[in-house]
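Colleague: Structure for the following, please:
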Amino acid sequence: MDTLTRIRAFIDVVEAEGFSAAARKTGRSKALLSKYVRELEDELGALLLNRTTRQFSMTEAGHTYYRSATEILKEIDSLADLVRENNTDLKGKLKVTVPRTFIDAEVGQSLIDFATGHPDLSLEIVADDRFVDLVEEGFDLAIRITKLDDSALIAKKLSDFRIFACATPAFVGKYGPLIHPQELARVPFLVDTNSRSHNSVRFADPQGGSISVSVSGPIEVNSPLATLRAARAGLGVAMIPDFIARPYIETGELVSLFDDYLPKDRGIYAVYPHRRYLPAKVRVFVDYLHGWFRQRSS
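Modeller: Numbering: from 1, shown residues only. As a prediction, the model looks like this:
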């Protein structure tokens, strides 16, 4: 039995969180998986898994081995993808993490369109607003809406992105004129707690630098869609992503405030771990999304 088979068995058991669950998932017997893992431990001279009748856990050596082994197998699978890259029938699973705001908005249709066009590729979409560790948690890539910082990850910009400061015309008529961002400190503000700084908002100073404004108001919620509804109800000013706010601004239901002060350093990015061999399924997925956004911006 070759080492790669043993490694795959070990990873299957870890990701299924037990031998019985892994046996059901892979179609192999529990005894066979146990045999493979035991042989791998014998080969390494180290215990990888703690086994009891009621509990399952990895040893410290198991954690270390799992992290490295998953990356090695991805490299091997990616190399096979390169050899087969002229084959347009992509197969396998693509695991993607996206912000809830993205998947729930109209732009989330991009993922559905990709899945429709690639029926042999299984797309596992995990909607999560936290900052996911792609390598540690086994994701192929992430969609991130952010100002891109330096990192060990590779990123491709899919689209420009802005956040609008929005309110109803009636709200502006009641509290206005609202000309400078500092005026937000005196009016009701709808706080999206997904922001890194919950009770302050950063704007760009046209002269250079930035402006930070302390804000407060009747609602704090970790959902841009909820702040949109509250803004439409006239409860305050909200910072809302452009792909959510734009239709309401175009109809006049909401107005955009402080346009000259809105940051322009953000974008929608596809982010993936640096690998020597980029999997063909990742490359095709990223290229598709880039084309999807470009087509809609033209």
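Colleague: what ranges do the helices span in the chain?
Modeller: For the chain, the helices defined by DSSP state H occupy 3-16, 19-26, 30-44, 60-83, 100-104, 109-117, 134-137, 169-175, 224-232, 242-251, 280-297.
Colleague: So which of the ones you listed is nearest Leu257?
Modeller: With distances scored as CB to CB, the stretch of those nearest to Leu257 is helix 169-175 (7.4 Å). Placement of C-beta: from N, CA and C, glycine included.
Colleague: Can you pull out the low-pLDDT segments for the chain?
Modeller: Applying pLDDT under 70 to the chain flags residues 1, 52-54, 78-89, 148-152, 196-197, 274-277, 298.
Colleague: Just list whatever residues bridge to the residue nearest to the spatial centre of the chain.
Modeller: For the chain, the residue nearest the mean C-alpha position is Val98 (3.0 Å; CA atoms, centre = their mean). On the basis of DSSP bridges, Val98 is bridged to Ala127.
Colleague: Start the count at 36 instead of 1 going forward.
Modeller: Okay, using 36 as the starting number, the last item reads as Val133.
Colleague: wait, it sits on Ile160?
Modeller: Yes - look at Val133 against Ile160 with CB atoms under 8 Å: they come within range, at 6.2 Å.
Colleague: ok, back up a step: most tightly surrounded among the helices of the chain?
Modeller: Comparing these on average neighbours per residue, with mean count of other CB atoms under 10 Å, the densest one is helix 259-267 at a mean of 20.
Colleague: So which elements touch that one?
Modeller: helix 135-139, strand 198-202, strand 224-227, strand 254-256, strand 272-276, helix 277-286 (3 or more CB pairs under 8 Å, 6 or more residues apart in numbering; DSSP states H and E).
Colleague: can you put these in CSV and add distance to Arg301?
Modeller: Listed next are the helices and strands packed on helix 259-267 as CSV, based on distance: least, CB to CB, whole Å:
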stretch, distance to Arg301
helix 135-139, 13
strand 198-202, 7
strand 224-227, 15
strand 254-256, 21
strand 272-276, 10
helix 277-286, 10
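Colleague: so which of those gets nearest Leu156?
Modeller: Minimum separation from Leu156 across these (CB to CB) falls at helix 135-139, 17.7 Å.
Colleague: hang on, the earlier thing: who touches both of Val133 and Ile160?
Modeller: Leu146 (CB atoms under 8 Å, 6 or more residues apart in numbering).
Colleague: how near is Lys182 to Arg197?
Modeller: 12 Å (CB to CB, to the nearest Å).
Colleague: between those two, which one's more packed in?
Modeller: Arg197 (17 against 12; other CB atoms under 10 Å).
Colleague: returning to that earlier point: in CSV, list the helices of the chain along with distance to Gly244.
Modeller: Output for the helices of the chain, formatted as CSV (distance: least, CB to CB, whole Å):
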stretch, distance to Gly244
helix 38-51, 47
helix 54-61, 54
helix 65-79, 55
helix 95-118, 41
helix 135-139, 28
helix 144-152, 35
helix 169-172, 33
helix 204-210, 26
helix 259-267, 26
helix 277-286, 23
helix 315-332, 29
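Colleague: Just tell me which of these ends up closest to Leu125.
Modeller: Here helix 315-332 is closest among these (CB to CB), at 5.0 Å.
Colleague: Distance from the chain centre to the closest one, please.
Modeller: 16 Å (CA atoms, centre = their mean, to the nearest Å).
Colleague: other SSEs contacting that helix?
Modeller: helix 95-118, strand 127-133, helix 144-152, strand 176-181, strand 188-196, strand 301-308.
Colleague: among these, which is nearest Phe238?
Modeller: Of the helices and strands packed on helix 315-332, nearest to Phe238 by CB to CB is strand 301-308, at 12.7 Å.
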